[in-house]
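J.: next input, structure requested:
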Amino acid sequence: MKRILIISTGGTISQTHTEDGVAVSNEKSFNGNTFANILNNLKKELNIDVIDSKTILNKDSSNIIPEDWKKIINTIVDEYDNYTAFVVTHGTNTMGYSCSAVSFAIENLGKPIIFTGSQVSYGMVGTDAIMNLENVVRIIADDNCKLAGVCCIFGSKVITGTRVKKKTEFEYDAFKTFGRVQDIANIGNSVVYNENELEKHLKYMGTKSKVKSGLVVKNEFNTNIISLTEFPRIKSRLF
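T.: Numbering: from 1, shown residues only. Presented below is the predicted three-dimensional model:
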């Protein structure tokens, strides 16, 4: 039985617009129920049994903080035994940070935890929200689904959760895999996996537990961190 929980956190995918076209997050924002209703139209076609939703935040992702990561993590852990996969709808600006935080906070994941969002708000002409959501469900619904752990599915790419970097505000393929690795898979009219990258991703999942009792959760974050770019004549005292 395939059961999916959509966890809605806000972001562009959820925003409505004023008469002047300004995107806003408010009480009329689209939420998890909206996205569940869209995807429920695909349930029969894709052999999904249940698509439920929870809206836990309604934030522009520029305002996401570590306490919000904990809400996402705790929701996944609390519901882990009830679903076969989790979809987190999230804003694009800090999606990479949230993917990485959840990746490191929950060990032994044996189920897919997939982040997605959109460049254009749901309900606007040209939105990529529906395509991204449908691509997520296409992969989860596959009887031979190979994914476990945290990933980002956006546009035509499937990216491991610790390597998600936003590259553009314009293109529908908004994210890239950073570092000396490649995408886990590419999505077109079919899904083509990079088996070497998939194997690298899965080997970090630990025991791949299907039950909550097998997870190791470390959801406290040290925020006394600063990122420095190296430059000529940088002072050693800064370290």
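
J.: residue boundaries of the helices in this structure?
T.: Remark: helices assigned in the chain by DSSP state H are 32-40, 43-46, 66-78, 95-105, 129-141, 195-203.

J.: hey, least reliable of these by pLDDT?
T.: Lowest mean pLDDT of the helices of the chain: helix 43-46, a mean of 82.

J.: now it: buried residues?
T.: By neighbour count on 16 or more other CB atoms under 10 Å, the buried set for helix 43-46 is K43, L46. The C-beta positions use only the backbone N, C-alpha and C, and glycine is treated the same way.

J.: so what secondary structure elements neighbour that helix?
T.: Using 3 or more CB pairs under 8 Å, 6 or more residues apart in numbering; DSSP states H and E, the elements in contact with helix 43-46 are helix 129-141.

J.: which residues touch the helix it packs on?
T.: Here helix 129-141 makes contact (CB atoms under 8 Å, 6 or more residues apart in numbering) with 2, 4, 13, 35, 38-39, 42, 46-48, 51, 84-85, 87, 89, 112, 114, 116-118, 120-122, 145, 147, 153-155, 158, 172, 185, 187, 191.

J.: again, but for stretch 61-72
T.: When contacts are defined by CB under 8 Å, 6+ apart, stretch 61-72 is touched by residues 7, 9-11, 56-57, 59, 88, 90-95, 97-98, 101-102, 105, 117, 219, 221, 223.

J.: can you rerun that using 10 Å?
T.: In this structure, residues lying in contact with stretch 61-72 by CB atoms under 10 Å, 6 or more residues apart in numbering are 7, 9-13, 25, 56-57, 59, 86, 88, 90-98, 100-102, 105, 113, 115, 117, 217, 219-223.

J.: now a PyMOL select for only the buried ones of those.
T.: Here is the PyMOL selection string for the buried members of those, based on 16+ other CB under 10 Å:
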select buried, resi 7+9+10+11+12+13+25+56+57+59+86+88+90+91+92+93+94+95+96+98+100+101+102+105+113+115+117+217+219
